[in-house]
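[1] No sequence on hand, only this structure:
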């Protein structure tokens, strides 16, 4: 076999995603003066253009930092030392967010989940009803759990909180769902939406976002967790003049402008439909092969990634290695307790039907190579879905 | 459906091919002084490095012009007005080369072929034997006929010419075979090899090549077709000092350097094996679908492209259009008498197993969309080939 | 001193020129199917957009070849073996064009010049008047002689030919003037204009052009020099459907589209004025240093380059080498009899006042380093011109 | 005047700086799997290669965040709420760092400065001697004050702290000095060095750094300021396996690798010498024009930028605007009390003698345009310096 990789790499991890070449092109343009007129035009365009992607008319804060920072920002801007937050254990990333909250000095309670379904809104509601003193200041959930391929029902969560009559802020991580799965910050009554650049926005990692409701901004007035780099109000004040309070990630913003234009050109509804079709095609192949998805709730399958459970006795990591070598294709690994049991197929960001089928074919090739028992013809099954959707 | 193309375009015409990003990167570097020291280093490297790719220790001329120019150069450097050349009608490109020869004032005789097989060496031999007066000055053939997907046996042609005891020059067009299918200019006794940048060399169109034997150079001394831009000896003289007699295509040479490095890193044998596997996988899919290849001789299938015959009553061009829209994938059209009857799948240049299967899946998706009767499961058949070859 | 070059290279040879980054970006985009719909849109745009840059409503032929090819194309499309052409020895490039004509089998007569002035229209007129039998089929001149920095008066040449009542075609090489110095193919009654991509058009080398008058096209009907690659009528016929008769230099056309847009955005009058200012500033520096320009006719200074004569006893090549090492800047060398006596400063293509003054400062720095006697303050003199022109 | 900018933009603000094209090229390469083998090789290379640039054998933390974040990280990893830090008011950025410290809940004391000189080591020493109870936990200074163009003497500060026998950590901001002005984290006994990607490292903004001494790491064990995103120990632990605890800025790291290679190729001593020559040349021009630098201490001029005081009654911002329009060149503005009084010329990162003189010429052109009285010939004065240094 060739010792070097040929062809385009298929980056099919569930993010970072394949960046469109025009986005990379824009990022590679010379850095400009972040206080000059050209930058101000750029900043104005992206600050305005990013809002509808979150479904908000309120400010969206853009941090020159990767996604984990936006988790931190959501908490430090709204909470005070020792505050109680309620989370739901959808999987690895929900668990990580909880750990982060604890390190920031918060009391983070996480309702247990089996990593195969979405947020249990009823459990949240029950817990909130029990919180008569309103000690809980925020409910923080992951919209699309990247470790399991489960997308939770955020409007149901809103209803649950409202039904409990509880004033907690609602914070939602959309890192692997934004610009891939329908989302409506304002319409769904979210207080803080957390996002990153490297998934549906089709950029490299390096930018992260907080969309913030008026209620969240009000909370920030009294929130006492220390903050400087992450402070919203400095950002919002500076952004009013299309500048930033400190050096922004200029070149990433150049790329963001192009990414927004691409999303606008395709239309968000088409973007969502494209992801949904790819997910259905991928699941058809997985089912055909005879494997289970990690998501056990048919109503909550993620449109942006599929986590696949391998039969007992087979190593998902060995399979991924084979596929990397043979098909020049990266897949996501299993995280935490799912390590080596699960592999994850990303179908988000910039892709076509040919990329989706190429991906599925690459996986099937790997299954054959690795000698993992499966029913051949997964690509055929996927093609059936893709073709049927004309 | 989305109105804009998403994902990477699959450029699966049989050339120009998908350029590796490092090649495009190099082409996009600033133009340098074509008389300065940096350029001389560059020129020295590519003039040296290109030779083994042709299998020659003799000079390779690099023209700042696309492939058709190298056809012209081969003829005007070696022949005189009214000279007789013998060709073989492997398909569209052999026919075009003949027309070009006629326009340059040569007498071009083409032995008829059915566009489904390679050069008939026996027929050439018979014709040469009949040419007792050695009026025929050159035998010109296409190694890999891009219109039909047939690769001819060049060593057999050499033997035929030798067996006939005929002194004609042997000229070979390798435009769609160089750096994809084994080739040995010196070892096979070729006098002039014609090539272009935009196929196996993985560059955009814009460079073309003549590899020239001592016998061909000797012929150029007395050849009287007028020439200036295409003149070999000016080139060879200037190249000795790593410059060019007139402005070269600097940025393309920057790209060529990288392309050569990539081929060297993979190893030419691995390059050829990769193309051969892709071709076998593609043919397995075609056979599974129930279609014929245009190449009717099992021994002469091209490793770099496959021309597929659609059943009567179905439009190959309509299919290609569907695939372009649905899968963001370009395929080659049928040329001349094959128009709309045949479509051509390129599997040459820079690709991986995932690109090959993605391509086949894209075609199968198109067949389904277009309602062309076929047996499903072509990708599966291709995977069998790819996996079996571990 | 650092052993590696830092900062952006100043490519101040009189072409190839510094390409704008958006042009390089476009060239580096993936190659597209040269028979597909996207390509046709591209071709249509550039074939249309290039015309006003030549000042013509007639077709402009775009060859996938560097500039020398367009010289050849101009001749082989319009002339027959042994035809007589009249040229004027403005310098190195006029002389090269004559040699090329001779190699193509033409009788090329060149009126002698001293390489310090432009085309002598009166001498041409006298020669044409003497040609009672109209043996002379074409008058071929270089608009802007790149070896000397002299721009000839083309309307005066037109008048001279008309005054002589002579039917010869008028052919003009604008390789280093197009899109830098005012030019009007139709208005000035030019029959064939020859140009390349790598100067005022701000592209790398690799494309060349013929703008052709109806009279030139009529001549091509009977012209008997053999031609195929260079044939105009094949091009014009194919271009009518926005395709090319053979593989075009796709990626260069992608760049050309952007270059045309940049020129349109600036406006051709502004482009010409920018070059004129740069030339005046450069000459002010040269005069201040105490040097002569190679152009001895104040009315005919080129706006796109300045050839500078060094005092006796000083090596222009050594100076250029010093400047390359010290200032990371390339300058043009003296050609033919001017070798080592003259160096040439390019001020054409994509530049700003800062590039112009940076260039002049680089030269002055080199003069100091090399110990060549000169009056300091050349940059100051140049700034006076640039500032006075607000 | 043309309404569009032509030529390369001269980004002569004191950072972000002009990125070398190979760095931008690397950033524009496709994003790779941040958990795959290719990424691990990349991470290993940059984590190792960055250390000598700081002059350290200890870990250097790389944050996917812009420079301000590294200020915050330095403090939150080492200090506890209410801790006392001592700073010195060298200018705007020292003042900003103090504000940031206060917002994080620290007691930040800043010794007053006049913004025209460096850190007063004697004053620091006196203050530390007075701090008998060692309430002061850290001394935080800016090595190269970007608002004034003053570089402080860090070894002198080390001596002062040692002379006082004080255990405070020494933290140094090298944002506009790293890889431009000599620096030796280990040799100078610095505990935390703060840096960013967008200055001497020649990258766009988006990465920032903490180099950390064993003493600083020891402090982090007991430091109680909350931290998660900025936590050093998570980073150091993950970096041991060449991964990161959360998604890194992959593409920026691709660029960093190239930037490090460029610095290694030039050699750090050559890099420093190049900056020093540029600074002396720039100051020679400023002096010749008849202006003062903001730095009033001849021993402490910055090698990476020069802040220039305009005569009373002239607007520095209007001058910068003129220069931007006329010369396509950005200069830095005056900050805080220096607004509109001072402009700043960056000479750091990737530049050559031609860029330096082009910059100075651009400023002089602007002075002429704006009608600000000055003695002409500043470029000449600069050339004297540059040439004298052969």
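    Perfect, thanks for sending it. Please read all numbers here as calculations on a predicted model, not as lab measurements.

[2] Within the sheet, what are the partner strands of the helix or strand residue A:194 falls within, with directions?
    Secondary structure from DSSP states H and E places residue A:194 in strand A:192-196. Strand pairing for strand A:192-196, using DSSP bridges, gives strand A:169-173 (parallel), strand A:208-212 (antiparallel).

[3] can you list contacts of the first one?
    Residues outside strand A:169-173 that contact it (Cβ atoms under 8 Å, 6 or more residues apart in numbering or on different chains) are A:71, A:74-75, A:78, A:93-94, A:97, A:137-143, A:154, A:157-158, A:161, A:189-195, A:215-216, A:219. For glycine as for every other residue, the C-beta is placed from the backbone atoms N, C-alpha and C.

[4] Can I have the buried ones of those as a ChimeraX selection?
    The ChimeraX selection below is limited to those of the contacts of strand A:169-173 classed as buried (16 or more other Cβ atoms under 10 Å in any protein chain shown):
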select /A:71,74,75,78,93,94,97,137,138,139,140,141,142,143,154,157,158,161,189,190,191,192,193,194,195,216,219
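
[5] Tell me who's in contact with residue A:380.
    With contact taken as Cβ under 8 Å, 6+ apart, residue A:380 is in contact with A:288, B:364, B:376, B:377, B:379, B:380.

[6] mind checking how far residue A:360 is from chain D?
    Residue A:360 sits 18 Å away from chain D, going by Cβ to the nearest Cβ, to the nearest Å.

[7] Verify the contact between that residue and residue A:285 for me.
    Yes - the pair residue A:360 / residue A:285 is scored as a contact, 4.6 Å apart, by Cβ atoms under 8 Å.

[8] and for the two, which residues touch both?
    Common contacts of residue A:360 and residue A:285 (Cβ under 8 Å, 6+ apart): A:378, A:379, A:382.

[9] picking up where we left off before, among the contacts of strand A:169-173, which are located in helices?
    Mapping the contacts of strand A:169-173 onto helices (DSSP state H) picks out A:71, A:74-75, A:93-94, A:97, A:154, A:157-158, A:161, A:215-216, A:219.

[10] Now the two most distant members of those.
    Pairwise distances across the ones in helices among the contacts of strand A:169-173 peak at 24.4 Å for A:93 and A:215 (criterion: Cβ to Cβ).

[11] Around the residue in the stretch 51-200 of chain A that chain C sits nearest to, how many other residues sit close by?
    Residue nearest to chain C within the stretch 51-200 of chain A: residue A:197 (20.9 Å; Cβ to the nearest Cβ). Neighbour count for residue A:197, taken as other Cβ atoms under 10 Å in any protein chain shown: 34.

[12] Residue A:175 is in contact with that one, correct?
    No - at 9.7 Å, residue A:197 does not count as touching residue A:175 under the criterion of Cβ under 8 Å.

[13] Mutual contacts of these two, please.
    Contact criterion Cβ under 8 Å, 6+ apart; residues shared by residue A:197 and residue A:175: residue A:67.

[14] separation between residue A:314 and chain D?
    For residue A:314, the distance to chain D (Cβ to the nearest Cβ) stands at 20 Å.

[15] what's the burial count for that residue?
    Residues contacting residue A:314 under the criterion other Cβ under 10 Å number 17.

[16] Assign residue A:62 to one of the three secondary structure states.
    Here residue A:62 is recorded as strand under DSSP: H, G, I helix; E, B strand; the rest coil.

[17] OK, contacts around it?
    A:46, A:47, A:50, A:207, A:208, A:209, A:235, A:248, A:253, A:256.

[18] Would you mind putting those into JSON lines with pLDDT, neighbour count and secondary structure alongside?
    Output for these, formatted as JSON lines (pLDDT from 0 to 100; neighbours: other Cβ atoms under 10 Å in any protein chain shown; DSSP: H, G, I helix; E, B strand; the rest coil):
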{"residue": "A:46", "pLDDT": "98", "neighbour count": "24", "secondary structure": "helix"}
{"residue": "A:47", "pLDDT": "98", "neighbour count": "21", "secondary structure": "helix"}
{"residue": "A:50", "pLDDT": "98", "neighbour count": "26", "secondary structure": "helix"}
{"residue": "A:207", "pLDDT": "98", "neighbour count": "31", "secondary structure": "coil"}
{"residue": "A:208", "pLDDT": "98", "neighbour count": "30", "secondary structure": "strand"}
{"residue": "A:209", "pLDDT": "98", "neighbour count": "26", "secondary structure": "strand"}
{"residue": "A:235", "pLDDT": "98", "neighbour count": "25", "secondary structure": "helix"}
{"residue": "A:248", "pLDDT": "98", "neighbour count": "26", "secondary structure": "coil"}
{"residue": "A:253", "pLDDT": "98", "neighbour count": "28", "secondary structure": "helix"}
{"residue": "A:256", "pLDDT": "98", "neighbour count": "28", "secondary structure": "helix"}
